[in-house]
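S.K.: Here's my sequence, what's the structure:
(chains A and B)
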Amino acid sequence: MTRTVLIADDEPNILVSLEFMLRREGHRILTAGDGTGALDLIRRERPSLVLLDATMPGLTGFEVCEAVRADPSIAGTRILMLSAKARPTDMARGLGAGADAYVTKPFATAELLERIRGLLT
Amino acid sequence: MSGRGLVAAVLAPGAALALWVVLGAALFLGALGPQGAALRAAGTAALETHGMVLILWWLAAALLAGWLARRLYRAWVLAPSRLLAATRILAAQENAAGLPELAPATPATRALAAEIESLARDRQELRAEMARLVEQASRSVAEQRDQLATLMDELDHAVVVCNRDGRILLFNARMRRLARNLSPQDGAELVGLGRSIHAVLDTAAIAHALETVEGRIARGVSPHAAVAQVVTATPLGHLLRISLAPVRHAEAADNRLRGYVLLVDDITRDQQRQARREGALLRMAEQGRASIANMQAALEMLDYPDLAPADHDRFLGVIRDEVARMRDRLLSEDEPGAELSARWPLHDMLATDLMAAAIRKLQGTANAPITTLPVEDDLWLRIDSFGLIAALDHLAARILSLGGDPVLWLRLARAGSHAHLDLGWVLREGAPPIDPRDLSALPDERTESCAAAASVRDVVDRHGGEIWLDRNRDDGRPFFRLLLPLAAVETAPADAPIGGRPEFYDFDLFAAAHADAGDARPLSELAFTVFDCETTGLDPMGGDEIIQLGAVRILNSRILNGETIDQLVDPQRPIPEAGIPIHGIRDEMVRGKPAIAQVLPVFHRFAEGSVLVGHNVAFDMRFLKLKEAATGLRFDHPVLDTLLLSSILHPAEESHSLEAIAARLGVQIGARHTALGDALATAEVFRRMIPLLERQGIVTLGQARAASDRSQFARLRY
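M.R.: Sure, this is the predicted structure:
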């Protein structure tokens, strides 16, 4: 079933791979390179899932996450945080901000795909 | 005695004599009756012809009587009163020269004077013997003190010993250097005996450390082990680590603190270096993770079987690109910028102690009780408690400011390898919820109230922790959650001291309950700032200005020659020629010197908490008071004047100039008419007056001020 997935990351080199992989899964893919753009797209396009990097220019991933959870019209959006910030406190913050899952970079694409499938069912 | 007084004194006995004779003659003639008529006529005739002889005779008798009365007054009244004043000086001073010559005095007064002198000599011999013994004893004490001083100066820490109120009793050279570095004003010496430590170190930080120590002692921890650490930032951005160890009375049964020892380290530079290193490491790790993630994802895409050639090239491009980025990052040598957040010095603290302190602070801020849940008994955190409580307090104050009459609650619980510290609130029934956007901005607000002017998030970051806005699972009410580290090893009490901590000294100051200069306290225990100004002229209202300020401190009747101010001041106007022979200060000497507006703040700090003393001080005070509006500094210290005090001590003396008083009290004057020279002379005079005043029942500051107000001079001159 086709779903809309937003990938928000300021690293174009990860967007290339993730976009390719999820398109092959049959999803509609949106991309954003900064936090403010990501939040705009979420409000406008209502994606089912957001892959959210923690460190981005503009709003950070944590802030985007908090803003989504605080806005009742989009609070139900699934959020998977994907970040090179790998300390336990970073994870705790991401989950505390309302993320459904927190995956640290680097990751195995197959495992990531499993997590995404899990979140989309 | 004045000329008019002398004439009156001489004529008064004569006039009385004449009245007596006239009255006698009238009575005699009256008694004779009619037979007296002839006698009266003869008398009248005789008076008409020889009256002048009678007047001359009367005048001679009057002069004789006046001379006699003056001799009697000097011998019986003046001589004993001088003897009394001189005896008082002799009694109060250790090495008075002897009694003055009592020229016209009765043999009994002379004999009394001789006896007093002999008694004084005996006493002086006894004193000398006593002084020899005291010197012997104090030499051995001084040796020990030198050893202690050497030891303290060898220490790597700045050390300062204070009494319970923060008055400094002892400090080492490193502490003085540190205080100079911390001082926002050049030249203001903030560390000195009897001064307040709060002028140098943050009052709230020391209060927090004291509270922690007292809490531990109250819980039964041995006072030797009850040492607290705080980290605090100064207004100039220095980062100080302060360790506070309590000082108690060795024999006292209660645990009341008499004072404390502070070890102070300026850790700013270490901290910055370490923070830069850690920041760089963390960034490298994160950048590495990101690059590897990019390459791994691209590589795994290459494994897809039916890859178009264009996609194949794109993923290879990603890998090439990332490899190049990693190489560039490794080879570049740019040092990352200074970040002050990485590893702040933390200390171990029992969770119950943290909660108790936090609740006290928040209750003060909210002015209402704080709801709280019980805390696990031996949960140890690794925190900067001072910074953390300041951060919580800031959050609480901001939540309270957002309306809805919130009732705050606080909760602390273990959560794996960390602890959750939650600050939440319950709004008044029916109040609209606070806008989440307002709330989520709070942790990042910069605030002065947290140490080092950081945000609440900065404080949490120092702990390697996190803060976020969370919601209750059941009712969805928001609260702030702080993730804090636990102590690595549960802290055991420190080693018990072998044979107890050595008692180096019996510091008298520990016992003194120093508060601000109070009327009830004895003069002999107070701190005084003795000062003098040289000025361009005598009329401050007419534009005269201060050109030199000299000051010295007296503490416990000791003149602190190491704590002085000797400052030329640019009056920003020409110095009139007329004054130059007196003070010797010319225009070119004050050029480029600080203006009075820069000097007075230093002087104000120097004199903080002390009594101002000067000779004819009303003159100097007028100059200071006129500057109050311009500098915003109020000189509302208690004031004493050596001129008034001298008139109380020696009302019979005519001159109360500084020279005359100094000569009376046996004080050698050095450089007269320099501000510091006069201040030092006044200080010595004042110091010697204190025991003399005590003999007249003037012991406390309040009594001295009241007596000054009643003084004849106060009424005549002010």
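S.K.: Need the nearest residue in space to residue 86, chain neighbours excluded.
M.R.: Picking chain A for this. residue A:104 (4.2 Å; CB to CB, 6 or more residues apart in numbering or on different chains). Every C-beta, even on glycine, is put in place using the N, C-alpha and C of the backbone.
S.K.: look at chain B instead
M.R.: residue B:99 (4.9 Å).
S.K.: element containing that neighbour?
M.R.: Following DSSP states H and E, there is no helix or strand that holds residue B:99.
S.K.: mind checking how far residue A:25 is from chain B?
M.R.: According to CB to the nearest CB, to the nearest Å, residue A:25 stands 12 Å off from chain B.
S.K.: sorry, back to before: phi and psi next, for the residue nearest to residue A:86.
M.R.: Main-chain dihedrals, residue A:104, degrees, to the nearest 10: phi -90, psi 150.
S.K.: and what of residue B:245?
M.R.: According to degrees, to the nearest 10, residue B:245 has phi -120, psi 140.
S.K.: what's the closest non-adjacent residue to the most centrally placed residue in chain A?
M.R.: For chain A, the residue nearest the mean C-alpha position is residue A:51 (1.6 Å; CA atoms, centre = their mean). Spatially, and ignoring its direct neighbours in sequence, residue A:51 is nearest to residue A:7 (4.7 Å; CB to CB, 6+ apart).
S.K.: Is it correct that that neighbour falls within a strand?
M.R.: Yes. Using DSSP: H, G, I helix; E, B strand; the rest coil, the secondary structure at residue A:7 is a strand.
S.K.: Next, find the distance separating residue A:6 from chain B.
M.R.: 17 Å.
S.K.: burial count for that residue?
M.R.: If you count neighbours by other CB atoms under 10 Å in any protein chain shown, residue A:6 ends up with 24.
S.K.: So the residue nearest to residue A:86 sits against residue A:91, correct?
M.R.: Yes. With contact defined as CB atoms under 8 Å, residue A:104 counts as touching residue A:91 (7.4 Å).
S.K.: what does the stretch 201-350 of chain B have sitting close to chain A?
M.R.: Within the stretch 201-350 of chain B, the positions adjacent to chain A are B:285-290, B:292-294, B:296-298, B:300-301, B:304, B:311, B:314-315, B:318, B:321-322 by CB under 8 Å from any CB of the partner chain.
S.K.: could you say which helix or strand contains the residue in the stretch 1-150 of chain B that chain A sits nearest to?
M.R.: Nearest residue of the stretch 1-150 of chain B to chain A: residue B:148, at 46.4 Å (CB to the nearest CB). Using DSSP H and E, residue B:148 sits within helix B:107-154.
S.K.: pLDDT averaged over that helix - what is it?
M.R.: Helix B:107-154 comes out with an average pLDDT of 84.
S.K.: Now do the helix or strand just after it: which elements does it pack against?
M.R.: Downstream of helix B:107-154, the next assigned helix or strand under DSSP H and E is strand B:158-163. Using 3 or more CB pairs under 8 Å, 6 or more residues apart in numbering or on different chains; DSSP states H and E as the contact test, the elements touching strand B:158-163 are strand B:168-171, helix B:173-182, strand B:257-266.
S.K.: to the chain's geometric centre, what's the distance from the first one?
M.R.: Average the C-alpha atoms of strand B:168-171, do the same for its chain, and the two points are 13 Å apart (CA atoms, centre = their mean, to the nearest Å).
S.K.: Give the partner strands of that strand in its sheet and their orientations.
M.R.: Partners of strand B:168-171 in the sheet, by DSSP bridges, are strand B:158-163 (antiparallel).
S.K.: May I have the lowest-mean-pLDDT helix or strand in chain A as CSV, with CA atoms only?
M.R.: One helix or strand of chain A scores below all others by mean pLDDT, DSSP states H and E: helix A:88-96, with a mean of 87. Extracted in CSV, the C-alpha atoms of helix A:88-96 (Å, rounded to 0.1, in the frame of the first residue of the first chain):
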residue,chain,number,x,y,z
PRO,A,88,22.0,7.4,25.8
THR,A,89,20.9,10.9,26.7
ASP,A,90,20.4,11.8,23.0
MET,A,91,18.1,8.7,22.7
ALA,A,92,16.3,9.6,25.8
ARG,A,93,15.7,13.1,24.6
GLY,A,94,14.5,11.9,21.2
LEU,A,95,12.0,9.5,22.8
GLY,A,96,11.1,12.1,25.4
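S.K.: In it, which residues are buried?
M.R.: Along helix A:88-96, these residues count as buried under the neighbour rule (16 or more other CB atoms under 10 Å in any protein chain shown): A:89-96.
S.K.: cool, and stretch B:323-331?
M.R.: Buried residues in stretch B:323-331, defined by neighbour count with 16+ other CB under 10 Å: none.
S.K.: Pass me the low-pLDDT residue ranges in chain A, would you?
M.R.: Along chain A, segments meeting pLDDT under 70 are nowhere present.
S.K.: Around chain B, pick out the residues from it.
M.R.: With the criterion set to CB under 8 Å from any CB, chain A comes near chain B through A:11, A:13-14, A:16-18, A:20-21, A:24, A:55, A:62-63, A:66-67, A:70, A:84-90, A:92-93, A:96-97, A:104-110.
S.K.: from memory the residue nearest to residue B:86 sits against residue B:91, does it?
M.R.: No. Judged on CB under 8 Å, residue B:99 makes no contact with residue B:91 at a distance of 11.4 Å.
S.K.: re the thing from before, and the least confident helix or strand of chain A, what does it pack onto?
M.R.: Packing contacts for helix A:88-96, counted by 3+ CB pairs under 8 Å, 6+ apart, involve helix A:61-70, strand A:78-83, strand A:101-104, strand B:418-426, strand B:466-471, strand B:478-485.
S.K.: run the last query once more with 6 Å
M.R.: Contacts defined by 3 or more CB pairs under 6 Å, 6 or more residues apart in numbering or on different chains; DSSP states H and E place helix A:88-96 against strand A:101-104, strand B:466-471.
S.K.: Sheet-wise, list the partners of the shortest one with their directions.
M.R.: According to DSSP bridges, strand A:101-104 forms sheet pairs with strand A:78-83 (parallel).
S.K.: quick one: the partner strand to helix A:88-96, angle?
M.R.: Counting by axes from the mean of the first three to the mean of the last three CA atoms, to 10 degrees, strand A:78-83 lies at 160 degrees to helix A:88-96.
S.K.: Now do strand A:78-83 against helix A:61-70, angle only.
M.R.: 170 degrees.
S.K.: ok, residue B:29 - contacts?
M.R.: Counting by CB atoms under 6 Å, 6 or more residues apart in numbering or on different chains, residue B:29 touches B:36, B:40.
S.K.: Check the burial of the residue of the stretch 1-150 of chain B closest to chain A by counting its neighbours.
M.R.: Close neighbours of residue B:148, defined as other CB under 10 Å, add up to 15.
S.K.: Could you do residue B:469 as well?
M.R.: Residue B:469 has 19 neighbours, counted by other CB under 10 Å.
S.K.: now the one 10 residues further on
M.R.: As a burial measure, the neighbour count of residue B:479 was computed by other CB under 10 Å and equals 18.
S.K.: what do you get for residue B:283?
M.R.: Using other CB under 10 Å, residue B:283 is surrounded by 14 other residues.
S.K.: That one looks like it's in a strand, true?
M.R.: No. The assignment for residue B:283, made by three-state DSSP, is helix rather than a strand.
S.K.: And the helices in the stretch 301-450 of chain B?
M.R.: Per DSSP state H, counting those that start in this stretch, the stretch 301-450 of chain B carries helices over the ranges B:309-331, B:351-366, B:385-401, B:436-441.
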